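Trainee: kindly generate the corresponding structure for this input.
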Amino acid sequence: MNITKELKSSIMAGICVGIAGFGYLAARDSGTGYNVTREIAGSILFSFALLAVVNYKLLLFTGTAGFIKKNEGGRLTLILLGNIVGCLLVAMMTRLSSITPAVN
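Mentor: All right, here's what the predicted structure looks like:
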């Protein structure tokens with residue numbers, strides 16, 4: 001796989017995880033007090049992102065780190081950076097939108 005494809009794939013995986021994390025936090029923080037139903041809903045939303053990563057064969061750092069071969073540290077670093085960029089893109093879009101959950 002070439003560098004451009006790996007970077008795109010890792011950024012998309014980061015976006016999936018970022019959206020899932022936002023969904024989890026939005027479901028969890030959408031009311032007052034602790035509610036098991038919101039925790040479960042947020043967990044289910046997060047699991048759908050992991051299913052998307054697997055289904056589309058995207059490069060997620062946690063799924064790649066265990067299978068890295070010798071002298072492929074640069075590839076692993078590229079995947080990590082792409083995942084971080086994808087999550088940061090979602091964070092930026094969320095911050096600029098009007099649907100940001102209230103943080104206490």
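Trainee: list the contacts of the residue most central in space within the chain.
Mentor: Closest to where the C-alpha atoms of the chain average out (CA atoms, centre = their mean) is residue 17, at 1.3 Å. Contacts for residue 17 (CB atoms under 8 Å, 6 or more residues apart in numbering) come out as 49, 50, 53, 60, 83, 86, 87. In short, each C-beta sits where N, CA and C put it, glycine included.
Trainee: likewise residue 53?
Mentor: Neighbours of residue 53 in contact, by CB under 8 Å, 6+ apart: 13, 16, 17, 60, 63.
Trainee: how close does residue 71 get to residue 50?
Mentor: 29 Å (CB to CB, to the nearest Å).
Trainee: the more surrounded of those two?
Mentor: residue 50 (16 against 7; other CB atoms under 10 Å).
Trainee: thinking residue 43 is in contact with residue 24, fair?
Mentor: Yes: using CB atoms under 8 Å, residue 43 is in contact with residue 24, at 6.8 Å.
Trainee: so these two - more neighbours on which side?
Mentor: residue 24 (20 against 14).
Trainee: identify the residue nearest that one in space, chain neighbours excluded?
Mentor: Excluding the flanking residues, the one nearest residue 24 by CB to CB, 6 or more residues apart in numbering is residue 42, at 3.7 Å.
Trainee: no further questions, thank you.
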